[in-house]
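Student: Show me the folded form of this:
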Amino acid sequence: MATNSRRWDGEPETEADTRLFDLRESGYTGPIDSDGYAVTSGEDAAILKRMADQRGEDTSWWTGGDTPSRPSRVWLLLLPLAVFVLVAVLSHPH
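Tutor: Okay, here's the model as predicted:
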């Protein structure tokens with residue numbers, strides 16, 4: 001019995017396979033979870049959106065609002081200065 005499978009190995013498609021192939025064939029380029037559903041928001045999708053934006057790719061699949069920015073690392077640069085000032089203030093006789 002011949003199957004019309006779109007899987008690389010010719011095995012019958014699972015429901016997740018069918019959803020995945022249908023999404024890709026419809027033009028969806030965003031992330032897809034292991035159950036074959038489109039992932040259009042959330043932290044993991046935000047990371048993938050940011051990477052796609054950097055490559056200049058279409059991210060019209062994103063529905064999560066503004067992409068969260070990366071956490072600021074400025075405090076790492078200012079921490080040594082803050083420690084220096086604190087030590088200087090505390091060690092200075094009043």
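
Student: Pull out the buried residues from whatever helix or strand L23 lives in.
Tutor: Per DSSP states H and E: L23 is located in helix 15-25. In terms of neighbour count (16 or more other C-beta atoms under 10 Å), helix 15-25 has its buried residues at 19-21, 23. Bear in mind the C-beta positions are built from the backbone N, C-alpha and C, glycine included.

Student: Not counting its neighbours along the chain, what's nearest G30?
Tutor: In space, and not counting its chain neighbours, G30 is closest to W61: 3.1 Å by C-beta to C-beta, 6 or more residues apart in numbering.

Student: and the residue positioned nearest the centre of the chain, what pLDDT?
Tutor: For the chain, I47 is the residue whose C-alpha lies nearest the centre (C-alpha atoms, centre = their mean; 2.4 Å). Reading off the confidence values, I47 has pLDDT 89.

Student: and stretch 49-60, C-alpha only, in PDB?
Tutor: What follows is stretch 49-60, C-alpha atoms only, in PDB (Å, rounded to 0.1, in the frame of the first residue of the first chain):
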ATOM      1  CA  LYS A  49      12.600  36.300  16.500                       C
ATOM      2  CA  ARG A  50      15.600  38.400  17.600                       C
ATOM      3  CA  MET A  51      17.900  36.100  15.600                       C
ATOM      4  CA  ALA A  52      15.700  36.300  12.500                       C
ATOM      5  CA  ASP A  53      15.500  40.100  12.800                       C
ATOM      6  CA  GLN A  54      19.300  40.200  12.900                       C
ATOM      7  CA  ARG A  55      19.400  38.100   9.700                       C
ATOM      8  CA  GLY A  56      16.800  40.400   8.000                       C
ATOM      9  CA  GLU A  57      14.300  37.500   7.800                       C
ATOM     10  CA  ASP A  58      10.500  37.900   7.800                       C
ATOM     11  CA  THR A  59       9.100  37.700  11.400                       C
ATOM     12  CA  SER A  60       5.400  38.300  10.600                       C
END
